[in-house]
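Student: I need the structure of the sequence given here:
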Amino acid sequence: MANMNSSNTLPQPSVVPLRVDAQVIGLVGMAHLISHFSQLLLAPLFPWLKAEFNVSYAQLGFLMTVFFVVSCAVQAASGFVVDKLGPRPVLFVGLGLIGVAAFGYAMSTSYWMLAGVAVIGGVGNGVFHPVNYTLLNRKVSSKRLGHAYSVHGITGSLGWALAPAMLVPLALGFSWRVALMAAGTLAFVVLAVVLLNRDKLALPVAAANNNNNNKAVQDSSLGFLKIPAVWMCFTFFFWYAAVLSVIQTFAPEAARQLHDVPLSLVAICLSVYMLGSASGMVLGGFLAADSTRCERIVCMSFAVAALMALLLALGQYPAWLVPVLFGVMGIASGVAGPSRDLLVKQSTPDNATGRVYGVVYAGLDIGQAVTPLVFGLLMDHGQYMQVLLGLVVLQCVLVFSALNVRKVRRVALVAG
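Tutor: Coordinates of the predicted model:
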């Protein structure tokens, strides 16, 4: 049995200056922001794209499905490349492809050109989790790893928030093509910053050559796929993505219909959730300093989030209180973020960081690709309460999934 906590055995300097860790965390965080930013390049511009190409919202939604299906496949495969070539060159390619995709969208003259460019965008987006977590786990000192995960999650949320905030005003003031060219420019600026600081993302020789006697075997092996905790983590992230997809896409509108929330407050619900999630991640970074309690933090956090969703589904509230409940739900979900990432780290064998994170985080893309198909039907049939109750069920599944990861990992440790 592979050592379940072996990622903790990778050599790290006994004393690492805060400045050194902060530089790595900042560079990885910028890249993660661009990854999440790329996921929402098209959705805020759907009204313009619908008129430009004379297509339905279903056809536009299919572009997102293409993006995430490709991203899922690339995410699983890129982990092997990261473990073989190192994370830096893969990161450079990912950022470059996102920039190319943004300009490709801007220059598209047909719906099928958009679909083709969505493939490029999906390839670029698919490399980031294997790259980012390999860099964080190998470069950041153990005592600051929880804070590193916290910053990583916060920058991802900021990327989601930045996309509509940047694209919609540019589309209104100029055109949707100008908005997408500006997005591509941003991606290339971040790529330039990372390239100029590439020496700070070099892996230590000792870490890269850890366990040299069996490194060749591990690099060419799929043995990590036999670790039950890896697949439990994959399942956990599938359900996590399902929860996030419902909240981002349907929950605010469902709450509006149930509680007569004005249209002006619908977007605020999601914004408050994202801000709450970001603030919760700050607290979660401190709580994750003790890795022995990560499963309990995840379980308690999503239990609170499920309670908020249940209150939204079954209660009757004034309109102003609905965003508040979304905010509390976001804070609870954010607190779970750093501990959630530690679940994966503790299930990762030596020299397989990229592969494990690639496979596990592929669950995110699958969940985001599948969930809208199911909950979209509920919305089409006016089943707004069922949408929120479904969200409760998904959050409860997350609680049990975290418990199962803990159980499977402990059994493996005893067996090993």
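Student: tell me how many other residues crowd G86.
Tutor: 19 (other Cβ atoms under 10 Å). Where you see a C-beta, it was placed from the backbone N, CA and C, and this is true even at glycine.
Student: tell me the SS of the closest residue to it other than its chain neighbours?
Tutor: Leaving aside its sequence neighbours, G86 sits nearest to L203 (Cβ to Cβ, 6 or more residues apart in numbering; 6.0 Å). Here L203 is recorded as coil under DSSP: H, G, I helix; E, B strand; the rest coil.
Student: per-residue pLDDT, L203?
Tutor: Turning to L203, the model gives it a pLDDT of 77.
Student: from here on, count from 10
Tutor: Got it, the first residue is 10 from now on, which makes the last one we talked about L212.
Student: show the contacting residues for it.
Tutor: Counting by Cβ atoms under 8 Å, 6 or more residues apart in numbering, L212 touches G95, P96, L144, R147, K148.
Student: before we move on, what about D30?
Tutor: Residues counted as contacts of D30 (Cβ under 8 Å, 6+ apart) are K148, V149, S150, R153, A157.
Student: how close does the first one get to S348?
Tutor: This points to K148. 20 Å (Cβ to Cβ, to the nearest Å).
Student: after the helix or strand where A318 lies comes which helix or strand?
Tutor: Assigned by DSSP states H and E, A318 belongs to helix 303-323. Toward the C-terminal end, the helix or strand that comes next after helix 303-323 (DSSP H and E) is helix 330-354.
Student: who does that following helix touch, helix- and strand-wise?
Tutor: When contacts are defined as 3 or more Cβ pairs under 8 Å, 6 or more residues apart in numbering; DSSP states H and E, helix 330-354 packs onto helix 137-148, helix 154-182, helix 237-258, helix 260-268, helix 272-296, helix 303-323, helix 362-389, helix 393-424.
Student: compare the ones you listed and give me the one nearest G336.
Tutor: helix 272-296 (4.2 Å; Cβ to Cβ).
Student: circling back to that earlier point, a markdown table please, covering the contacts of D30 and showing pLDDT, neighbour count and distance to T118.
Tutor: Shown next, in a markdown table, are the contacts of D30 (pLDDT from 0 to 100; neighbours: other Cβ atoms under 10 Å; distance: Cβ to Cβ, whole Å):
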| residue | pLDDT | neighbour count | distance to T118 |
| --- | --- | --- | --- |
| K148 | 84 | 24 | 43 |
| V149 | 84 | 23 | 45 |
| S150 | 83 | 17 | 50 |
| R153 | 81 | 20 | 48 |
| A157 | 85 | 27 | 43 |
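Student: and the furthest pair within those?
Tutor: K148 and R153 (10.4 Å).
Student: just to revisit the earlier point, now the helices and strands packed on helix 330-354 as CSV including distance to R28?
Tutor: Shown next, in CSV, are those (distance: least, Cβ to Cβ, whole Å):
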stretch, distance to R28
helix 137-148, 13
helix 154-182, 14
helix 237-258, 32
helix 260-268, 41
helix 272-296, 18
helix 303-323, 27
helix 362-389, 24
helix 393-424, 34
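Student: deepest of those, which one?
Tutor: helix 137-148 (a mean of 28; mean count of other Cβ atoms under 10 Å).
Student: tell me what that helix is packed against?
Tutor: Other elements packing on helix 137-148 under the criterion 3+ Cβ pairs under 8 Å, 6+ apart are helix 27-48, helix 66-94, helix 96-116, helix 154-182, helix 330-354, helix 362-389.
Student: can I get the ones you listed in a markdown table including distance to I129?
Tutor: Compiled in a markdown table, the helices and strands packed on helix 137-148 are given as follows (distance: least, Cβ to Cβ, whole Å):
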| stretch | distance to I129 |
| --- | --- |
| helix 27-48 | 10 |
| helix 66-94 | 9 |
| helix 96-116 | 5 |
| helix 154-182 | 17 |
| helix 330-354 | 27 |
| helix 362-389 | 16 |
